[in-house]
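everything below, folded, please.
(one chain, ligands or ions: 1)
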Amino acid sequence: MKKYMKILSVNAGSSSLKFQMYEMPEEKVLISGTFERIGIGGGFYTIKLNGEKIKKEKELADHSVAVQTLIDELLENKVIESLDEIKGVGHRIVHGGEKYASSVIINDDVIKTVEELSSLAPLHNPANLIGVRTFMELIPNATQVGCFDTAFHQTMAKREFLYPVPYEWYEKYGVRRYGFHGMSHNYIANRTAEILENPNARIISCHIGNGGSLCAIKDGKSIDTSMGFTPNAGLMMGSRSGDIDCTLIPYIMDKTGESLDEVINDLNKKSGYLGVSGISSDSRDIEDAAAQGNERAILAQDMYVEKIVNYIAEYYLELGGADAIVFTAGVGENSKDTRKAIIDRLAPLGIKIDEEANNVRGEEKLISTEDSTVKVYIIPTDEEVMIARDTFNFINK
Ligand code: ADP
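Numbers count the residues shown, from 1 in each chain. Next up, the predicted model:
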């Protein structure tokens, strides 16, 4: 007999907390929402329930206040009758290092390890842990599960994940490529294999949003991905540079008098679309400006497309061909112009876009022509459901 249960999927940041509550195994979203400006004043939260979205102002002194408010809303709106109905809470955790190749049930050892891994993700892991600790305290009877952004990429071969730097940097300090967006690429891997009815499919997953990464997938496993030691690697992104020659860092420090932290901040927050165009990190603004003939917006768009095409070409060879190229995340799901610009560049491989099919937003769709050598899809990603699935699977064992 199937067990039905309610599972929370949580993504805690330093000043925000996003949640979805699922009825599993049907994967029905019962309620979802976001708490913002936790601990920094001016707090508020939004909740989506029964197709309605409500926003409430409330001072959120810390994550405990946010989670308690969430619990109160669940009870008031009769999403649950009592806290015991919540059987599991799945937490997104950014960095699992080499320790976690899949999700885990969180216990004291796991918390300690995630804490130790904070030196690899100083902005994210501590914030994720605040979420974990708060839910453990306030919903103590639920099974807490950690789902890592890096875990899916632990199948990469050493030749792919190592940097050509002194080997002891890897051995002593964990210097290597880890890759991120793992839950999204994993979702795309599963869903594409399902659509193609081929568990061994060769898939190039293009997660392009504000942050962006590509992933080469074979037999359901990540064999390569474009992000590296940190998420500021690989593609050009909304405000991140992606790959650069690292030697330009001391050069710019010397020329501008900026500190190391300031230059690193420039590379994360003032580069990419924003840096090149001088207009915005949002691809919609770039597309609008480019359509009006703004040269730097056109250049930014050309560069953005170029980097993605380069990775697709690389992964096409690495995979020995491809069965599907999939677009997902904000830009991938919504920007028909970016998708077309990318696919047009793949003409030498016989890959062709169906412009009419491509004229959609945010829906699962085949957008290549019938005679295209590789199928091209839009598949909206769903990282939250991956967290809910993993959490449910632990409890339902
Ligand atoms: P994040 O990496 O923050 O999760 P998202 O995946 O939500 O980002 O992607 C956000 C980006 O998606 C926006 O910055 C914007 O550039 C892009 N985007 C969203 N809608 C559209 C659209 N209609 N056309 C072009 N780009 C869009």
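
for the record, mean pLDDT for whichever helix or strand residue 159 is part of?
Element membership for residue 159 (DSSP states H and E) is helix 158-161. In this model, helix 158-161 has a mean pLDDT of 98.

one more: stretch 222-238?
Mean pLDDT, stretch 222-238: 97.

pull out the buried residues from it.
Buried residues in stretch 222-238, counting neighbours by 16 or more other C-beta atoms under 10 Å, are found at 222-228, 230-238. C-beta coordinates here come from the backbone N, C-alpha and C atoms, glycine included.

where do the strands of the stretch 1-150 of the chain begin and end?
Ranges of strands in the stretch 1-150 of the chain, per DSSP state E, counting those that start in this stretch, are 5-12, 17-24, 28-36, 44-49, 52-57, 86-93, 104-105, 143-148.

quick one: those as a markdown table, columns for mean pLDDT and mean neighbour count too.
A markdown table is the format used below for those (pLDDT from 0 to 100; neighbours: other C-beta atoms under 10 Å):
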| stretch | mean pLDDT | mean neighbour count |
| --- | --- | --- |
| strand 5-12 | 97 | 25 |
| strand 17-24 | 97 | 22 |
| strand 28-36 | 97 | 18 |
| strand 44-49 | 97 | 17 |
| strand 52-57 | 96 | 10 |
| strand 86-93 | 97 | 25 |
| strand 104-105 | 98 | 18 |
| strand 143-148 | 98 | 26 |
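
need those in JSON lines (columns: distance to the ligand).
Listed next are the strands of the stretch 1-150 of the chain as JSON lines, based on distance: least, C-beta to the nearest ligand atom, whole Å:
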{"stretch": "strand 5-12", "distance to the ligand": "10"}
{"stretch": "strand 17-24", "distance to the ligand": "11"}
{"stretch": "strand 28-36", "distance to the ligand": "12"}
{"stretch": "strand 44-49", "distance to the ligand": "15"}
{"stretch": "strand 52-57", "distance to the ligand": "17"}
{"stretch": "strand 86-93", "distance to the ligand": "12"}
{"stretch": "strand 104-105", "distance to the ligand": "24"}
{"stretch": "strand 143-148", "distance to the ligand": "16"}
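
please convert those to TSV, extending it with distance to residue 121.
Shown next, in TSV, are the strands of the stretch 1-150 of the chain (distance: least, C-beta to C-beta, whole Å):
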stretch	distance to residue 121
strand 5-12	13
strand 17-24	18
strand 28-36	21
strand 44-49	25
strand 52-57	30
strand 86-93	9
strand 104-105	16
strand 143-148	10
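
coming back round to it: which of the buried residues of stretch 222-238 lies closest to the ligand?
Distances from the ligand to the buried residues of stretch 222-238, taken as C-beta to the nearest ligand atom, are shortest for residue 238 (5.3 Å).

how about low-confidence regions in the stretch 101-250 of the chain?
Within the stretch 101-250 of the chain, no range satisfies pLDDT under 70.

which residues of it lie near the ligand?
Within the stretch 101-250 of the chain, the positions near the ligand by C-beta under 6 Å from any ligand atom are 209, 210, 211, 238.

buried residues, the helix or strand harbouring residue 187. List them.
In the assignment (DSSP H and E), residue 187 maps to helix 182-196. Going by neighbour count (16+ other C-beta under 10 Å), the buried part of helix 182-196 is 182-189, 191-193, 195-196.

name the next helix or strand downstream of that helix, please.
strand 202-208.

quick one, what contacts the residue in the stretch 101-250 of the chain that the ligand sits nearest to?
Here the residue of the stretch 101-250 of the chain nearest the ligand is residue 209; by C-beta to the nearest ligand atom that distance is 2.2 Å. Each residue near residue 209 by C-beta atoms under 8 Å, 6 or more residues apart in numbering is listed here: 238, 329, 330, 331, 332.

tally of neighbours for residue 141?
By other C-beta atoms under 10 Å, 9 other residues sit near residue 141.

distance check, the nearest residue to it once chain neighbours are set aside against the ligand.
Closest residue in space to residue 141, ignoring its immediate chain neighbours: residue 84 at 5.9 Å, by C-beta to C-beta, 6 or more residues apart in numbering. Separation of residue 84 from the ligand (C-beta to the nearest ligand atom, to the nearest Å): 33 Å.

can you tell me how far residue 84 is from residue 204?
Note on residue 84: its distance to residue 204, by C-beta to C-beta, to the nearest Å, is 44 Å.

try residue 100
With distances taken as C-beta to C-beta, residue 100 is found 25 Å from residue 204.

go on, residue 356?
According to C-beta to C-beta, residue 356 stands 23 Å off from residue 204.

residue 5 too?
Separation of residue 5 from residue 204 (C-beta to C-beta) stands at 35 Å.

with residue 292 instead?
In terms of C-beta to C-beta, residue 292 sits 32 Å off from residue 204.

for residue 84 and residue 204, indicate the residue with more neighbours.
Using other C-beta under 10 Å, the more surrounded residue of residue 84 and residue 204 is residue 204, with 28 against 11.

nothing else from me, thank you.
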